[in-house]
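**Student:** 3D, please:
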Amino acid sequence: MGCSLSLKTPKPKNVELSRTERKIIAAILIQKWYRMYVARLEARRRYTWTIFQSIEYSGEQDQLKLHNFFNSMINQLSLDVNGQPKIARAFASTQRPHVIAKETSDVIGSLDDIHIESTYTGPHLTLPITHAQVKTLIQAFKAKQRLHVRYLLELLNAARKLLQQQKNINYASTSISKQITVCGDLHGKLEDLYMIFHKNGLPSVDNPFVFNGDFVDRGPSSIEVATILLACFLASPNEVFLNRGNHEDHVMNLRYGFIKEIIKKYKNNAVKVTNAFSEVFSWLPLATVIDNKVLVVHGGISDHVSMKSLARLDRHKYISVLRPPTITEVGGLDSMSMELQRLEEWKQVLDLLWSDPKSHMGCNPNTFRGGGCYFGPDVTDSFLEEHKFQLLIRSHECKPEGFEYNHNGKVLTIFSASNYYDIGSNKGAYIKLSGPDLQIHIVQFLANECSGVRKLTFTQRISCLEASAMQDLREKILALKSDLLEEFKKHDTEEKGTITIGDWCSAMETVMDVDVPWRMLRSKLVKLNSDKQVIYDTTFEQLQILHRYSENGDSVMELLYRYKDSLETIFRIFDKDNSGYISMTEFQEACSILIRHTSVSLLPGQIKDVAKSLDLNKDGQIDFNEFLEAFRIVDQRGLDYTADHLREADSEEEFDNIDTISLASCNSGMGLKRSVEPSILCSA
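**Tutor:** So this is what the prediction gives:
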């Protein structure tokens, strides 16, 4: 037989590289490593942002679901008030009748019984408000002084009367000032408002402002922010334009902190202050048009929004825009067409305050928030063309850079609350429109909120934000522990305590209903065994929910913790005098409502046992603020892992600003000239 040939490839000789070649190879390797490093950082930054945003919108969606449940429940109840549950009577206050006399709508009442104490050391106000008093007020708030409740109520009453004279749509002109400033959400972040005034100056004839809603909620200084803005409006009514946001809403204030802040700061007069703010909010205009070229609204538009319809509707009847009007609330109308007209008006207001732009065409329900709509570029084009506008400015969404362009540069989102999710999470920004063509100049900033600023590298900032976001996510995971374990066990047919990575991701996505990259986060949330199977019990890291005043079992406390935000909303609806207390009967009714809303399994006897354990002094009253704040997440050593507790312990840390900025997002669009001012960190 023939012999086979064996071809041997000669070994390459050792080639000695020159010094220049070695440098080139080293540079290539370093560049490759650095690109991978930057890509990993960007991936971490993006999923951290996604966690923050998903949890925020999940809360809003839950709030709207709860409110829709209230609406359906009330509509099913008898019209006999005496036969309704207390929740229905309490909730009815979020909608005023259609017909109401303006001159009798003063909900504040007499101030004769409120006196200025001789020991009062805060700022003094006299009507009419002047620019000098605005400066005094700002300095007083910087010094941590509190405005006396009498002065506050007088200011709110004056603002209400002036707002009543304004139409639904404000029209601003730059013919005198040659420029105008537009600010987005502030959410009770007083340092951001100081920063804006520090960089841009106070409102005046030659320095007009549009504040585009969401002055309150979430932040710690909502009263101060709203008070300063209303004082500026009273001092410069022709130069300060205030739009209503979705958080200038009584029901949203019940859940997201404004009502709680009022109770904390004004105690015995909290009812009057709450009613006064709700009345002012209901009179805020819905939109501002600048030079007939730019429309400024809080949320967005839809294919149903009409400027003519918006100009005609009665905005004042909505203390909360979350509840649609019924026949009895639109003046006893028996015409179906008139009822449909009222519902169409309500929907337009809801869309204006709650909608978001998206890249897909048309209008679709806003499933992420649960209210308003997603409007596409075709809707924007049609609306702007119909009304001969060049640009739609809106707020409503936190953006990493403080602003973002959509729809080929025809929609501009502006968000003015920096450090919104956590310190260093995002920049704030405002817009200056100048010249006859309203050239766009965006100014970014990071407010210096804490003393003892520590200089951190970009990597350290990402790590800190990532840790904060992961802690928020772990709390949400722990609140759904029972449901997650049930879902895990569906995949663990052999009861080994392990499942595949794919099954774990699928279970997390099904139960959590939060749009985050679970496969990417897996290594931070759960452990694997030697066979690369997920040990699903480690998802909870041996954490547990404790409540200081209740010994009713883990499952009961888990359910109450999971829905504590909804419970707080229900509690505050019951608490008509803002005392912070509800009766045991009201507590049990609130829990029963929650059970009907969520279809959770909680027996009446268990609810009663919880109520008894919370009635510490056995007087039949429950301090629900104490109840809500008594939840703690602890590890096996008893260490507190509650996110708010961790943030308090770490509150002295502050992030340096990021000087670099991408201009790519500013180069698209409509032909209006744009510029972006880099972020600046300074104290106002």
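
**Student:** hey, let's count contacts and neighbours off CA atoms from now on
**Tutor:** Will do.

**Student:** what bridges to the residue lying closest to residue 575 once chain neighbours are set aside?
**Tutor:** Spatial nearest neighbour of residue 575, chain neighbours left out: residue 582 (6.2 Å); criterion: C-alpha to C-alpha, 6 or more residues apart in numbering. Bridge pairing for residue 582 (DSSP bridges) gives the partners residue 622.

**Student:** for burial, what's the neighbour tally of residue 582?
**Tutor:** Residues lying near residue 582 (other C-alpha atoms under 10 Å) number 20.

**Student:** my read: it touches residue 589, true?
**Tutor:** No: the criterion here is C-alpha atoms under 8 Å, and residue 582 misses it with residue 589 at 10.7 Å.

**Student:** could you measure from residue 52 over to residue 216?
**Tutor:** For residue 52, the distance to residue 216 equals 19 Å [C-alpha to C-alpha, to the nearest Å].

**Student:** scratch that, residue 132
**Tutor:** Between residue 132 and residue 216 the distance is 24 Å, computed by C-alpha to C-alpha.

**Student:** cool, and residue 27?
**Tutor:** Between residue 27 and residue 216 the distance is 52 Å, computed by C-alpha to C-alpha.

**Student:** show me how far stretch 473-492 is from its chain's centre.
**Tutor:** Offset of stretch 473-492 from its chain centre (C-alpha atoms, centre = their mean, to the nearest Å): 26 Å.

**Student:** start to end distance for it?
**Tutor:** End-to-end span of stretch 473-492 (C-alpha to C-alpha): 24 Å.

**Student:** what do you get for stretch 231-246?
**Tutor:** End-to-end distance for stretch 231-246: 21 Å, by C-alpha to C-alpha.

**Student:** how many residues are close by residue 538?
**Tutor:** Residue 538: 14 neighbours (other C-alpha under 10 Å).

**Student:** excluding covalently adjacent residues, which one is nearest to it?
**Tutor:** Spatial nearest neighbour of residue 538, excluding adjacent residues (C-alpha to C-alpha, 6+ apart): residue 526 at 5.3 Å.

**Student:** what's the distance between that neighbour and residue 541?
**Tutor:** Separation of residue 526 from residue 541 (C-alpha to C-alpha) stands at 8 Å.

**Student:** coming back round to it: between residue 52 and residue 216, which is the more surrounded one?
**Tutor:** Using other C-alpha under 10 Å as the criterion, residue 52 and residue 216 rank with residue 216 on top: 28 against 22.

**Student:** look up phi and psi at the more buried one.
**Tutor:** Main-chain torsions, residue 216, degrees, to the nearest 10: phi -120, psi 180.

**Student:** from residue 54, how far out is the residue nearest to residue 538?
**Tutor:** From residue 526 across to residue 54, the span is 20 Å (C-alpha to C-alpha).

**Student:** try residue 282
**Tutor:** Residue 282 is 29 Å from residue 54, by C-alpha to C-alpha.

**Student:** next one: residue 408
**Tutor:** For residue 408 relative to residue 54 (C-alpha to C-alpha), the value is 25 Å.

**Student:** next: residue 23.
**Tutor:** Residue 23 sits at a distance of 46 Å from residue 54 (criterion: C-alpha to C-alpha).

**Student:** the two - which one has more neighbours?
**Tutor:** Taking other C-alpha under 10 Å, residue 23 and residue 54 do not tie; residue 54 has more neighbours (19 against 12).

**Student:** before we move on, what SS does the residue lying closest to residue 248 once chain neighbours are set aside have?
**Tutor:** Spatial nearest neighbour of residue 248, excluding adjacent residues (C-alpha to C-alpha, 6+ apart): residue 281 at 5.4 Å. Put simply, residue 281 is helix when judged by DSSP: H, G, I helix; E, B strand; the rest coil.

**Student:** before we move on, what about the one 3 residues further on?
**Tutor:** Look at residue 284: counting by three-state DSSP, its state is coil.

**Student:** thought it was touching residue 243?
**Tutor:** Yes: assessed by C-alpha under 8 Å, residue 284 is found in contact with residue 243 at 6.0 Å.

**Student:** what about the stretch 551-684 of the chain, any weak spots by pLDDT?
**Tutor:** Residue ranges of the stretch 551-684 of the chain with pLDDT under 70: 551-564, 566-567, 574, 576-580, 593-604, 606-607, 610-611, 613-617, 624-684.

**Student:** then the stretch 101-250 of the chain?
**Tutor:** Scanning the stretch 101-250 of the chain with the threshold set as pLDDT under 70 gives 101-109.

**Student:** any chance you could map the helices in it?
**Tutor:** In the stretch 101-250 of the chain, the helices defined using DSSP state H, counting those that start in this stretch lie at 131-142, 149-164, 190-200, 222-235, 250-256.

**Student:** for the record, mean pLDDT for the helix or strand just after the shortest one?
**Tutor:** The element immediately downstream of helix 250-256 (helix or strand, assigned by DSSP states H and E) is helix 258-266. Per-residue pLDDT values across helix 258-266 average out to 93.

**Student:** just the residues contacting helix 258-266, thanks.
**Tutor:** Outside helix 258-266, the residues that touch it by C-alpha atoms under 8 Å, 6 or more residues apart in numbering are 149, 216-218, 220, 222-223, 253-254, 270, 273-274, 578-579.

**Student:** mind redoing it with 7 Å?
**Tutor:** By C-alpha atoms under 7 Å, 6 or more residues apart in numbering, the surrounding residues in contact with helix 258-266 are 149, 216-217, 222, 253, 270, 274, 578.

**Student:** just the helices in the stretch 301-450 of the chain please.
**Tutor:** Going by DSSP H, counting those that start in this stretch, the stretch 301-450 of the chain shows helices at 307-312, 336-354, 377-387.

**Student:** tabulate these in TSV, adding columns for distance to residue 155 and mean pLDDT.
**Tutor:** Shown next, in TSV, are the helices of the stretch 301-450 of the chain (distance: least, C-alpha to C-alpha, whole Å; pLDDT from 0 to 100):
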stretch	distance to residue 155	mean pLDDT
helix 307-312	27	93
helix 336-354	25	84
helix 377-387	36	96
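
**Student:** could I get these as a markdown table with distance to residue 476 and mean neighbour count?
**Tutor:** Shown next, in a markdown table, are these (distance: least, C-alpha to C-alpha, whole Å; neighbours: other C-alpha atoms under 10 Å):
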| stretch | distance to residue 476 | mean neighbour count |
| --- | --- | --- |
| helix 307-312 | 39 | 14 |
| helix 336-354 | 25 | 20 |
| helix 377-387 | 35 | 17 |
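
**Student:** brilliant, that's me finished.
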